[in-house]
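Novice: Let me see the structure of the following:
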Amino acid sequence: SSSSSSSSSSRSKFLDSGFVVGQKEVTRILILFLGLTASCLVLYKTAYPLQRLEVNNLTSLLATPSPPSPNLNSSEISPETTTKRKISFKEILENASTKNNTVIITTLNQAWAEPNSLFDLFLESFRIGQGTQQLLKHVVVVCLDP
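Specialist: Reported below is the predicted structural model:
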């Protein structure tokens, strides 16, 4: 009998301490959560307006739009790129550096260089970013594959 009275007194202390969440609070939390979710979806759709959002397949939220493939023809390729002159890493850094000698260096391997990979997303972020397209001239990519 003493155990039941102690459990009821501890239960009443718990109830008195304000930890109980009523139906109104649960409803408010649920509405807040749904509103936040809807806001995130709206913001996502404004960032990627051409991507289709399928309700039946929510994995489309994780898919990234494929960047346009570069359209190079032989007239755009300079003679420098077709010659096989060895360029030192120092020359590469000097050519890629900004006025204040800043270079953006990133590394990747063959798997990351595949079409529609994370590297394409990295490059696309420079193309579509506000004021970041000119930074592409200063990116140096180091391949880690042998």
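Novice: Got phi/psi on the spatially closest residue to W112 that is not a sequence neighbour?
Specialist: Nearest non-adjacent residue to W112, counting by Cβ to Cβ, 6 or more residues apart in numbering: F119, 5.0 Å away. All C-beta atoms are positioned from the backbone trio N, CA, C, and that covers glycine. Main-chain dihedrals, F119, degrees, to the nearest 10: phi -70, psi -40.
Novice: I figured F119 was touching L108, is that so?
Specialist: Yes: applying Cβ atoms under 8 Å, one finds F119 in contact with L108, separated by 5.5 Å.
Novice: circling back: now for the residue nearest to W112: which residues touch it?
Specialist: By Cβ atoms under 8 Å, 6 or more residues apart in numbering, F119 lies in contact with 108, 112-113, 141.
Novice: Is there a quick ChimeraX command that grabs whichever of those residues are buried?
Specialist: Here is the ChimeraX command that selects the buried residues among those (16 or more other Cβ atoms under 10 Å):
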select :108,112
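Novice: quick check: mean pLDDT across the strand or helix carrying E94?
Specialist: Element membership for E94 (DSSP states H and E) is helix 89-96. The average pLDDT within helix 89-96 is 87.
Novice: Tell me, how many residues neighbour F126?
Specialist: F126: 16 surrounding residues under other Cβ atoms under 10 Å.
Novice: tell me the secondary structure for it?
Specialist: Of the three states, F126 takes helix under DSSP: H, G, I helix; E, B strand; the rest coil.
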